[in-house]
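3D, please:
(2 chains)
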Amino acid sequence: MVTSRMKTIGAGELRAENVGDSVTLAGWVGRRRDHGGVIFIDLRDASGIVQVVIKPEDAPANEDVLHGLRSEYCIQVMGTVRPRPEGTTNDDLPTGAVEVVAGRLHVLSPSAPLPFQIDERVDVDETKRLQYRYLDMRRTRMAENLKARSRAIGAMRRVMERGGFLEVETPTLIASTPEGARDMLVPSRLRPGNFYALPQSPQLFKQLLMIGGVERYYQVAKCYRDEDFRADRQIEFTQLDFEGSFWGQDDVLEVLEKIVAEVVAELRGEILELPLLRMTYEEAKDRYGSDKPDLRFGMEIVDLSDVFAATEFKAFGGALVSGGTVRGINGGSLDLSRSGLDRLVTRAKELGAKGLVWMVVEDDGSLRSPVTKFLSAAELETLKTTLSARPGDTLLIAADDAGVVGKVLGQLRLDVGRPEGNQELAFAFITDFPVFDVGEDGGLTPAHHPFTNPGDLETLINSPETAVSKAYDLVLNGSELGSGSVRIHDPEVQAKVFEVMNIKAEEAEARFGWFLEALRYGTPPHAGFAIGIDRFVSILRDEPNIREIIPFPKTQTGADPLTGSPDRVQEEQLIELGIDVRPEVRAAWAEEEGDPGA
RNA sequence: GGGGGCGUGGUGAAGUCUGGAGUUCACGCCGGCCUGUCAAGCCGGAGGUCGCGGGUUCAAAUCCCGUCGCUCCCGCCA
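Numbers count the residues shown, from 1 in each chain, chains lettered A, B, ... in the order given. The predicted structure follows:
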């Protein structure tokens, strides 16, 4: 596979049919088993591992290097493939039926003693792994993840090419837009005091491509958002970004289905059943308390407002009277102790609930709970029926306004029910997102970027809090894989949306005037999507975070332990850029360098 | 900005709650023996400022305060 003048075949490619071949191998010394008279080496390269047998009498010229071979030496072996002697084959290796008898052997490059072992037996501290990422990626886990990432991108490209999409690169030094995530900034030398931003997405450029007549565009695009890190968030990440003209929502979702199915087939060898589930935002919030529901398990949120419509229990009745709701989940056979149940109550309060009612269904069907005495027998019976309660089940009930109840029960559902080690893939498209998120104070914040088609303009203007936009997310196992929307192609609508989103006309003109201008020249209706490749592959590989899928990721504080970035620059560079570091930061530097103990 | 967890020879862990000599285990490393192993085996050896600083104490890896690093989460991520 990766042959050259220095090697004729990959170590991992050797099979019984190669017996008798003279081969030249090159790779790294994995495990070395030195029996004094005979030495075995597991020779590893990008294709896999093969056993090399070295006997001094077969290779007298090598005598001086043989016993000096150490882990991760880079070597070249000229030898002959032969079947392993009876009883010494290794069924755990694809190459286990054969071995290579070494003739000449060259050390191409010795290795210093390793900072950690290359084998998979121990979880090495991640900072150490990142500091020596080039060694970490010799280990199976990282090597396989890099291959999976490459294959996933390859599968995506196949679908795009098949669909006639044009790959176009958009600039990564662009104008800053203060809405949304914080921009990563790059100072300009030619215009001192001015800054580029790195793109949070290619959004406006791909819309310009639609206006430019490209019709079908895609790009494997690096995106940048200067926000805090999470297991599934880095400040730079990669998306498959695509857009189509004369498209509506269903056109986008159908292409997405092809992409997702191709990638799943490539990495999991599974045929995905299409079409994927579609669910509205409202339904997802109602049934799962989340806009990215984990659909691998049930435990749905059930509205109990009718059950307790006339209750005398103040916690429930009070919430209902003030326009709130009572909802519950059947947690199934949780079998929690009293302290375990109390922890759920504490958790619910952390999440914003005033309290949480738990009930355990006893063997005789009666309900054990601190609050049963406040509830009528009829209420308890209806409750059991409504939640399909069976002996052993634990019921969790919260009462408050719908937003709080959804958030609390949605999170408890995940805390209590999320299946560990479940390899199932539960995809869903979440559609009909609201235009605005309504804050606790009733304030409106845009739920999407202002280029999203807001649907019905009348609704947007008269009751913006209920407006539903043509925006959709792709969700997998409770993770948001990406989002997209039908875009605005009418400059009048675009201006109106800026207005509703509290971006003043002069400001919109100053910042997006060029884009409003572009919309005026026969803009086709268009729609698109962007899918997060790091997240997608990390879930398909069952990895706990996206760093395992990124070759050179950053730590939670944005540092790269290998190269030492970010780093201070020379004063001359700052002068050239016309910028200076603020005095308080310089003071902190001085303190750091002065007397660290003080 | 806030909350939780972790930091002990090169690597991974135990020891920390309940203070008493850097103690232990596995891997690796170095040397020796060994001709069919594949996590090779046997024998011997080296290697640590218990993240860093301060405090309490006769005595601190262990208790207290601070700080740094890593990590998970909330906020944030239109």
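
outside of stretch A:566-576, which residues touch it?
A:189, A:192, A:558-559, A:580-581, A:589 (Cβ atoms under 8 Å, 6 or more residues apart in numbering). For every residue, glycine as well, the C-beta is placed using N, CA and C.

make it 6 Å
With contact meaning Cβ atoms under 6 Å, 6 or more residues apart in numbering, stretch A:566-576 is reached by A:Arg189.

do the same with stretch A:405-421
A:285, A:288-290, A:296-297, A:299, A:301, A:325, A:327, A:329, A:331, A:348, A:351, A:353, A:396, A:398.

gap between it and the chain center?
19 Å (Cα atoms, centre = their mean, to the nearest Å).

tell me the buried residues in that stretch?
A:405-414, A:416-417 (16 or more other Cβ atoms under 10 Å).

give the buried subset of the contacts of stretch A:405-421 as a PyMOL selection command.
In PyMOL, this line selects whichever of the contacts of stretch A:405-421 come out buried by 16+ other Cβ under 10 Å:
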select buried, chain A and resi 285+288+289+290+296+297+299+301+325+327+329+331+348+351+353+396+398
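
got the residues of the stretch 401-550 of chain A near RNA strand B?
Residues of the stretch 401-550 of chain A found near RNA strand B (Cβ under 7 Å from any atom of the strand) are A:437, A:445-450, A:544-545, A:547.

what's the farthest-apart pair in those?
A:Pro450 and A:Pro544 (35.0 Å; Cβ to Cβ).

contacts only, for A:Lys504.
Contacts of A:Lys504 by Cβ under 6 Å, 6+ apart: none found.

which of the contacts of stretch A:405-421 fall in strands?
Among the contacts of stretch A:405-421, the residues falling in strands (DSSP state E) are A:301, A:325, A:327, A:329, A:396, A:398.

quick one: the buried residues of stretch A:405-421 as a markdown table, columns for secondary structure too.
Compiled in a markdown table, the buried residues of stretch A:405-421 are given as follows (DSSP: H, G, I helix; E, B strand; the rest coil):
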| residue | secondary structure |
| --- | --- |
| A:Val405 | helix |
| A:Gly406 | helix |
| A:Lys407 | helix |
| A:Val408 | helix |
| A:Leu409 | helix |
| A:Gly410 | helix |
| A:Gln411 | helix |
| A:Leu412 | helix |
| A:Arg413 | helix |
| A:Leu414 | helix |
| A:Val416 | helix |
| A:Gly417 | helix |
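
how about these in JSON lines, adding distance to A:Pro115?
Below are the buried residues of stretch A:405-421 laid out as JSON lines (distance: Cβ to Cβ, whole Å):
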{"residue": "A:Val405", "distance to A:Pro115": "51"}
{"residue": "A:Gly406", "distance to A:Pro115": "48"}
{"residue": "A:Lys407", "distance to A:Pro115": "44"}
{"residue": "A:Val408", "distance to A:Pro115": "46"}
{"residue": "A:Leu409", "distance to A:Pro115": "47"}
{"residue": "A:Gly410", "distance to A:Pro115": "43"}
{"residue": "A:Gln411", "distance to A:Pro115": "40"}
{"residue": "A:Leu412", "distance to A:Pro115": "43"}
{"residue": "A:Arg413", "distance to A:Pro115": "43"}
{"residue": "A:Leu414", "distance to A:Pro115": "38"}
{"residue": "A:Val416", "distance to A:Pro115": "41"}
{"residue": "A:Gly417", "distance to A:Pro115": "41"}
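
any idea how far A:Ser565 is from the residue of the stretch 301-450 of chain A found nearest RNA strand B?
Nearest residue of the stretch 301-450 of chain A to RNA strand B, counting by Cβ to the nearest atom of the strand: A:His449, 3.1 Å away. Distance, A:His449 to A:Ser565, by Cβ to Cβ, to the nearest Å: 29 Å.

for A:Val168, same thing?
The value you get for A:Val168 to A:Ser565, if Cβ to Cβ is used, is 29 Å.

give me the more crowded residue out of those two.
A:Val168 (17 against 10; other Cβ atoms under 10 Å).

and the strands in the stretch 251-400 of chain A?
A:277-280, A:301-303, A:325-330, A:357-361, A:367-368, A:394-400 (DSSP state E, counting those that start in this stretch).

note down every partner strand of the first one and its orientation.
If I follow you right, that is strand A:277-280. Sheet pairing for strand A:277-280, assigned by DSSP bridges, gives strand A:427-431 (parallel).

next helix or strand past the strand it pairs with?
strand A:436-438 (DSSP states H and E).

and that next one, which residues are buried?
Neighbour-count burial for strand A:436-438, counted by 16+ other Cβ under 10 Å, picks out A:Phe436.

now stretch A:240-251
By 16+ other Cβ under 10 Å, the buried positions in stretch A:240-251 come out as A:240-245, A:247, A:249, A:251.

please flag which of these sit within strands.
Short answer: those in strands (DSSP E) are A:240-245.

so what's the residue count around A:Leu577?
Counted with other Cβ under 10 Å, A:Leu577 comes out at 19.

the spatially closest residue to it that is not a sequence neighbour: what's it in contact with?
Nearest non-adjacent residue to A:Leu577, counting by Cβ to Cβ, 6 or more residues apart in numbering: A:Pro187, 4.4 Å away. By Cβ under 6 Å, 6+ apart, the residues touching A:Pro187 are A:195, A:577, A:579.

would you list the phi and psi of A:Pro187?
Note on A:Pro187: its backbone torsions stand at phi -70, psi 150 [degrees, to the nearest 10].

is it in a bridge, and if so with what?
A:Phe195.

need the pLDDT of it.
pLDDT recorded at A:Pro187 is 96.

equivalent analysis for A:Glu63, please.
So A:Glu63 comes in at 63 (pLDDT).

number of nearby residues for A:Ser463?
Residues near A:Ser463, counting by other Cβ under 10 Å: 9.

so how far is RNA strand B from it?
Distance of A:Ser463 to RNA strand B, computed by Cβ to the nearest atom of the strand, to the nearest Å: 19 Å.

also A:Ile41?
9 Å.

try A:Val107
14 Å.

which residues are in contact with A:Ala221?
Taking Cβ under 6 Å, 6+ apart as the criterion, A:Ala221 is in contact with A:202, A:239, A:241.

now the closest residue to the second one other than its chain neighbours: which helix or strand?
Spatial nearest neighbour of A:Gln239, chain neighbours left out: A:Ala530 (4.3 Å); criterion: Cβ to Cβ, 6+ apart. In this structure, A:Ala530 sits in strand A:526-532 according to DSSP H and E.

hang on, the earlier thing: TSV please, covering the ones in strands among the contacts of stretch A:405-421 and showing pLDDT and distance to A:Ala16.
Shown next, in TSV, are these (pLDDT from 0 to 100; distance: Cβ to Cβ, whole Å):
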residue	pLDDT	distance to A:Ala16
A:Ile301	94	58
A:Thr325	91	68
A:Arg327	94	63
A:Ile329	93	57
A:Leu396	92	60
A:Ala398	92	64
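
can you name the two of these that are farthest apart?
A:Thr325 and A:Leu396 (14.5 Å).

right, I'll call it a day here.
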